[in-house]
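**Student:** predicted model, plus sequence, below.
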Amino acid sequence: MAAAPLITARGLVKRFGDFAAVAGIDVEVESGESFGFLGPNGAGKSSTMRMIGCVSPPTSGELRIFGLDPVTDGREIRARLGVVPQQDQLDAELTVEENLVVYGRYFDIPRAECRRRAAELLDFVQLTDRAGSKVDPLSGGMKRRVTIARSLINEPSLLLLDEPTTGLDPQARHVLWDRLYRLKQRGVTLVLTTHYMDEAEQLCDRLVVMDGGRIVAEGSPRSLIQQHSTREVLELRYAPGTNEERAHAIADIGDRQEVLPDRVLVYTHDGEAALHEVHERDAAPISSLVRRSSLEDVFLRLTGRTLVD
Amino acid sequence: MNVAAPSRDVPLRIVPLGMFDARRPQRMVERSLYVHRRSWMVIVSGFFEPLFYLLSIRVGFGALIGDITVDGRTIGYAEFVAPALMAAAAMNGAIYDSTMNVFYKLKVSKLYDSVLATPMSTADVALGEIAWAMLRGLLYSVAFLLTMWALGMTASPWIVLAIPACVLLGFAFAAVGMAVTSYMRSWADFEYVPAVQVPLFLFSATFFPLEQYGSWSWIVQLSPLYHGVALVRAANLGEWSWGLLGHVAFLLVLAAIGLAVTARRLRTMLLT
């Protein structure tokens, strides 16, 4: 039989005064999977992560992590979690290595064992040569890697990552994705939030799309695209202010259209054919692009808004 | 939606028991030791402050003022003031550690957020940080005492008991200081700290006896520093009375209140 889910949430709600940051969500995360919360800023992703991390008591609903209740067994749950918060929160008064060792001590891991693991983890995130350095001079990508190494000091079976690559340059993101993928290979369950669809597509087996504190869709990246979007998308750019008018002229091309402030999106199974038709209508754009559908399109379809504004 | 729902966002944990939820506060102390293990100069500098204080009293005021009479007993002014300065130094150290330093970790470096993501609790953080402030206070008190002794300003061997007295005083101020810091919104709020600290320093029967305050002496007795000064002074003179237990009790109650408020505030601030 399959093991019990690692995380179970039913009707989970988090309110701050009158504002419902999380307005009743149901989630199940299985052991070994890589699960994502995708959504724009303010969708309730971080609030959900904080509840799972046992640093924010749920207002109502049921939440179980490792089958335990975060309200009464927070300490036990946190002992088995790795947490990579949105802001790095590294200890600026300590060196890179000390950051890992001291953090391990909070878990009551013997000091010698902390040092052994710290060396191993710094090797894993390719920062062995910076072990004795203070945290401040490190680049954003390096700090992120230290934070990930630190979160692994207690050998967690569940790793929570809140926007792991926000603010990093493309190269640093790829290094990080590679490390996270290796962790997944080792059987670590990853739960992450992101507002980048490429990140979700890279890392997540399964994800939920959140908006306004609710889950608006759930599935694998591929199945979400199949369900909510077409195979290809034709992007058309017209002179500023003429999008509406142009879109009207080509309204019957493709399955569906989205008119954004800066471009018109035409959803279709064959982008090139649609573009050809657009040209025949004398509605030639300034520039055009045919691409595969992405989670961004799913989100746009479900909420009428783009993920990153 | 159903905004009218009556459930208030009170954490389900039993809040007043928060301060007893400490299991490994020593880990916070350990962290501080890591931070300071390269900065031993700071500890050495702890000797200079008392040295300057005591020298100014001994060669300055002491010579100028001569002997004074307190409770029917005549003692040199330097002997009267030195124990008070020792208590004041313990207070200043504890306030410094528990206000600016704690605010930095609470609001700027977000240290406590990352600590609370581990099995550590808010009580571990509160108790651990206050314990560290006490530990530093202990070091400085020893430094102060050695300086006093070297300058020939100790009156009785009982003065060694001034050290636990100063540690208790430091505990009370650190606990209250951390509780107050949890209400600070920005660095600007720290302007108010000296507004409390300086009057305490000047008017806690530090530089002149309680009798001098006349009908205002009851206010002086509300000052925690006054109780610390009374204990250190008694230790220096080797004069013991049951009344000293009252001073100890006052400081213990203050420390307990500070600790409880701190643990609770950390919870409402960081575990929302």
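**Tutor:** Structure's in. What do you need?
**Student:** may I have the phi/psi pair for the closest residue to A:V125 other than its chain neighbours?
**Tutor:** Residue nearest to A:V125 in three dimensions, not counting chain neighbours: A:R145, with 3.9 Å by Cβ to Cβ, 6 or more residues apart in numbering or on different chains. Where C-beta positions appear, they are placed from N, C-alpha and C, glycine not excepted. Dihedral angles of A:R145 (phi, psi; degrees, to the nearest 10) stand at phi -70, psi -40.
**Student:** from A:V191, how far out is A:R145?
**Tutor:** A:R145 is 19 Å from A:V191, where distance means Cβ to Cβ, to the nearest Å.
**Student:** can you show me the strands along the stretch 51-200 of chain A?
**Tutor:** A:60-65, A:81-84, A:158-162, A:189-194 (DSSP state E, counting those that start in this stretch).
**Student:** for the second one, which helices and strands make contact with it?
**Tutor:** Packing contacts for strand A:81-84, counted by 3 or more Cβ pairs under 8 Å, 6 or more residues apart in numbering or on different chains; DSSP states H and E, involve helix A:140-151, strand A:158-162.
**Student:** make TSV from those and add mean neighbour count and mean pLDDT to it.
**Tutor:** Shown next, in TSV, are the helices and strands packed on strand A:81-84 (neighbours: other Cβ atoms under 10 Å in any protein chain shown; pLDDT from 0 to 100):
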stretch	mean neighbour count	mean pLDDT
helix A:140-151	23	93
strand A:158-162	23	95
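**Student:** among the ones you listed, which is nearest A:I286?
**Tutor:** The closest of the helices and strands packed on strand A:81-84 to A:I286 is helix A:140-151. By Cβ to Cβ, the value is 35.4 Å.
**Student:** figure out how far the closest one is from the centre of its chain.
**Tutor:** With Cα atoms, centre = their mean, to the nearest Å as the basis, helix A:140-151 stands 17 Å off its chain's centre.
**Student:** same thing with stretch A:192-206?
**Tutor:** For stretch A:192-206, the distance to the chain centre is 5 Å (Cα atoms, centre = their mean).
**Student:** and it with chain B, contact?
**Tutor:** No: on the criterion Cβ under 8 Å from any Cβ of the partner chain, stretch A:192-206 is out of touch with chain B, staying 15.2 Å away.
**Student:** return the set of buried residues in that stretch.
**Tutor:** Residues of stretch A:192-206 classed as buried: A:192-204, A:206 (neighbour count, 16 or more other Cβ atoms under 10 Å in any protein chain shown).
**Student:** can you list the low-confidence ranges for the stretch 201-309 of chain A?
**Tutor:** A:307-309 (pLDDT under 70).
**Student:** nope, the stretch 1-150 of chain B is what I was after
**Tutor:** Ranges of the stretch 1-150 of chain B meeting pLDDT under 70: B:1-20, B:42-43, B:46.
**Student:** what's in contact with stretch B:117-126?
**Tutor:** If you take Cβ atoms under 8 Å, 6 or more residues apart in numbering or on different chains as the criterion, stretch B:117-126 is touched by A:53, A:55, A:75-76, A:78-79, A:81, A:83, A:85, A:103, A:106-108, A:154, B:18-25, B:27-28, B:112, B:115-116, B:178, B:259, B:262-263, B:266-267, B:270-271.
**Student:** could you give me the ChimeraX syntax to select whichever of the residues you listed are buried?
**Tutor:** Of the contacts of stretch B:117-126, the buried ones go into a single ChimeraX selection, burial set by 16+ other Cβ under 10 Å:
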select /A:53,55,75,78,79,81,83,85,103,106,107,154 /B:18,19,21,22,24,25,27,28,112,115,116,178,259,262,263,266,267,270,271
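**Student:** quick one: which of the contacts of stretch B:117-126 sit in helices?
**Tutor:** A:75-76, A:78-79, A:103, A:106, B:27-28, B:112, B:115-116, B:178, B:259, B:262-263, B:266-267, B:270 (DSSP state H).
**Student:** how about the helices in the stretch 151-300 of chain A?
**Tutor:** Per DSSP state H, counting those that start in this stretch, the stretch 151-300 of chain A carries helices over the ranges A:170-185, A:197-203, A:221-228, A:243-249, A:271-280, A:295-303.
**Student:** of all the ones you listed, which one is nearest A:L234?
**Tutor:** helix A:271-280 (4.5 Å).
**Student:** so what secondary structure elements neighbour that closest one?
**Tutor:** Packed next to helix A:271-280, using 3+ Cβ pairs under 8 Å, 6+ apart, are strand A:232-237, strand A:264-268, strand A:287-292.
**Student:** how about JSON lines for those, with mean neighbour count added?
**Tutor:** Shown next, in JSON lines, are those (neighbours: other Cβ atoms under 10 Å in any protein chain shown):
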{"stretch": "strand A:232-237", "mean neighbour count": "22"}
{"stretch": "strand A:264-268", "mean neighbour count": "23"}
{"stretch": "strand A:287-292", "mean neighbour count": "14"}
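**Student:** out of the ones you listed, which gets nearest to B:S182?
**Tutor:** strand A:264-268 (50.2 Å).
**Student:** sheet partners, orientation included, of the closest one?
**Tutor:** strand A:232-237 (antiparallel), strand A:256-259 (antiparallel) (DSSP bridges).
**Student:** could you dump those strands to CSV with distance to A:E28?
**Tutor:** Converted to CSV, these look like this (distance: least, Cβ to Cβ, whole Å):
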stretch, distance to A:E28
strand A:232-237, 31
strand A:256-259, 32
